[in-house]
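Student: here's a sequence, model it:
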Amino acid sequence: RQQRQWDLIQLTGVDTLTALSTGAYVLAESYLYTVESMKDYLARLSPNGILSFMVSDVNFGERQPPRFSLRHAANFYQAAKELGYADPAAHAVVLASAEGVPQVEIMFKKSPFQRSELLELMRFARERDFRIWAMPGPGTRGPLNVILNVSPRQREHFFRSYPLDVRETRDDRHFFFQFFRWLDIFDVTRTELDRGHTGATGQIVLVALLAFAILASLALILLPLSISQRIVVAAPDALRLATYFAAVGLGFMLVEISLIQRFILFLGHPTYSIATIKIGRASCRESV
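Tutor: Numbering: from 1, shown residues only. The predicted structure is shown next:
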């Protein structure tokens with residue numbers, strides 16, 4: 001919220017691999033990692049300021065492809081284009097440690113990286129055994145280079161063909177950790193789903209919960225109605241009334257859930273958002 005400028009904005013360890021490996025974040029809202037938030041970060045940097053993310057990711061060449069660093073790069077690229085950056089790739093450097101699940105340092109600079117800075121980063125990577133995943137110039141290749149350097153048409157082709165959905169996320173599509181497309185969840189030939197940090201677990205659980213809710217509704221609502229002596233389900237208007245009230249309930253839930261998600265952006269936490277919407281709903285009832 002502050003309007004002053006900063007030399008460094010650092011986000012490290014905001015999310016843990018322990019939670020990511022269970023799929024816990026897949027359906028969680030994250031307004032920290034969107035194009036709009038990236039624009040806010042960049043706007044708060046001093047002329048030579050750096051925005052830094054430290055994340056864990058899957059190494060290139062593994063059966064499970066990288067994801068977090070690519071989506072961060074996609075968010076930065078889109079934000080930089082909207083802010084008028086002529087060459088977003090000149091503002092980005094990504095270094096990774098040598099482990100199988102490396103620690104990845106992602107740096108976005110408000111002004112282009114200077115040659116002296118790049119030489120210093122290359123020396124650091126060589127001495128500390130870091131890998132250069134992305135850096136201005138022709139020296140690096142791979143998915144990050146595609147996101148940051150190629151034409152819009154090539155980038156679109158890359159997004160369609162990549163095994164995971166690593167497109168940018170926005171405030172109205174703010175599920176940063178949802179990398180599996182819904183149609184690909186059960187296609188095990190593309191990439192493994194249940195082996196570490198895949199992010200598909202949450203979606204699979206969501207489908208299971210939906211199926212359970214439907215069965216529970218049939219058992220606890222329709223079945224008692226069908227055997228009740230007080231309510232005649234076969235009455236002429238029964239289906240019409242049931243459809244009407246089901247539509248009212250569904251519409252109410254859609255509006256309420258959407259408002260809860262949107263208010264997280266302003267209030268900063270789901271608990272505050274849920275409480276605010278619940279209080280507002282109670283006030284509306286009293287006024288009616």
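
Student: list the contacts for residue 122?
Tutor: By Cβ atoms under 8 Å, 6 or more residues apart in numbering, the contact set of residue 122 is 132, 135. For glycine as for every other residue, the C-beta is placed from the backbone atoms N, C-alpha and C.

Student: then residue 273?
Tutor: So residue 273 contacts 260, 261, 263, 264, 267 (Cβ under 8 Å, 6+ apart).

Student: farthest-separated two in the residues you listed?
Tutor: Spanning the widest gap among these are 261 and 267, at 11.3 Å by Cβ to Cβ.

Student: ok, those two, which is more surrounded?
Tutor: Between residue 261 and residue 267, residue 261 has the larger neighbour count (other Cβ atoms under 10 Å), namely 18 against 15.

Student: reformat the contacts of residue 273 as TSV; add distance to residue 219, pLDDT and secondary structure.
Tutor: Shown next, in TSV, are these (distance: Cβ to Cβ, whole Å; pLDDT from 0 to 100; DSSP: H, G, I helix; E, B strand; the rest coil):
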residue	distance to residue 219	pLDDT	secondary structure
260	28	88	helix
261	30	84	helix
263	34	88	helix
264	33	85	helix
267	37	86	helix
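
Student: out of those, which comes closest to residue 13?
Tutor: residue 264 (20.8 Å).

Student: isn't that closest one right next to residue 29, touching?
Tutor: Yes: using Cβ atoms under 8 Å, residue 264 is in contact with residue 29, at 5.2 Å.

Student: find residues that contact each of those two.
Tutor: Jointly contacting residue 264 and residue 29 under the rule Cβ under 8 Å, 6+ apart are residue 270.

Student: looking at this, residue 55 is in a strand?
Tutor: Yes: applying DSSP: H, G, I helix; E, B strand; the rest coil, one finds residue 55 inside a strand.

Student: any idea how far the closest residue in space to it that isn't next to it in sequence is from residue 100?
Tutor: Closest residue in space to residue 55, ignoring its immediate chain neighbours: residue 68 at 4.7 Å, by Cβ to Cβ, 6 or more residues apart in numbering. To residue 100, residue 68 is 15 Å away according to Cβ to Cβ, to the nearest Å.

Student: need the pLDDT of the closest residue to residue 2 other than its chain neighbours.
Tutor: Sequence neighbours aside, residue 44 is the residue nearest to residue 2 in space, at 7.4 Å (criterion: Cβ to Cβ, 6+ apart). On pLDDT, residue 44 comes in at 94.

Student: residues in contact with residue 44?
Tutor: Counting by Cβ under 8 Å, 6+ apart, residue 44 touches 2, 3, 4, 5, 6, 9.

Student: I figured residue 96 hits residue 104, correct?
Tutor: Yes: using Cβ under 8 Å, residue 96 makes contact with residue 104 at a distance of 4.6 Å.

Student: where does the closest residue to residue 112 other than its chain neighbours land in three-state SS?
Tutor: Using Cβ to Cβ, 6+ apart and skipping the chain neighbours, the partner closest in space to residue 112 is residue 90 (4.0 Å). Recorded secondary structure, residue 90: helix (three-state DSSP).

Student: what count of nearby residues applies to residue 90?
Tutor: Residue 90: 19 neighbours (other Cβ under 10 Å).

Student: need the pLDDT of it.
Tutor: pLDDT recorded at residue 90 is 93.

Student: check residue 234 too.
Tutor: pLDDT recorded at residue 234 is 58.

Student: next one: the one 3 residues further on
Tutor: At residue 237, the predicted lDDT confidence score is 75.

Student: same check on residue 136?
Tutor: Model confidence at residue 136, expressed as pLDDT, equals 89.

Student: any idea how far residue 34 is from the nearest residue to it once chain neighbours are set aside?
Tutor: Excluding its sequence neighbours, the residue lying closest to residue 136 (Cβ to Cβ, 6+ apart) is residue 90, at 4.7 Å. From residue 90 across to residue 34, the span is 23 Å (Cβ to Cβ).

Student: who's in contact with the residue positioned nearest the centre of the chain?
Tutor: For the chain, the residue nearest the mean C-alpha position is residue 176 (0.6 Å; Cα atoms, centre = their mean). Residue 176 sits next to 25, 30, 32, 33, 34, 71, 169 when contact means Cβ under 8 Å, 6+ apart.

Student: counting neighbours, which of the residues you listed end up buried?
Tutor: 25, 30, 33, 34, 71, 169 (16 or more other Cβ atoms under 10 Å).

Student: using the three-state scheme, assign the third one.
Tutor: On the three-state scheme (three-state DSSP), residue 33 is labelled coil.
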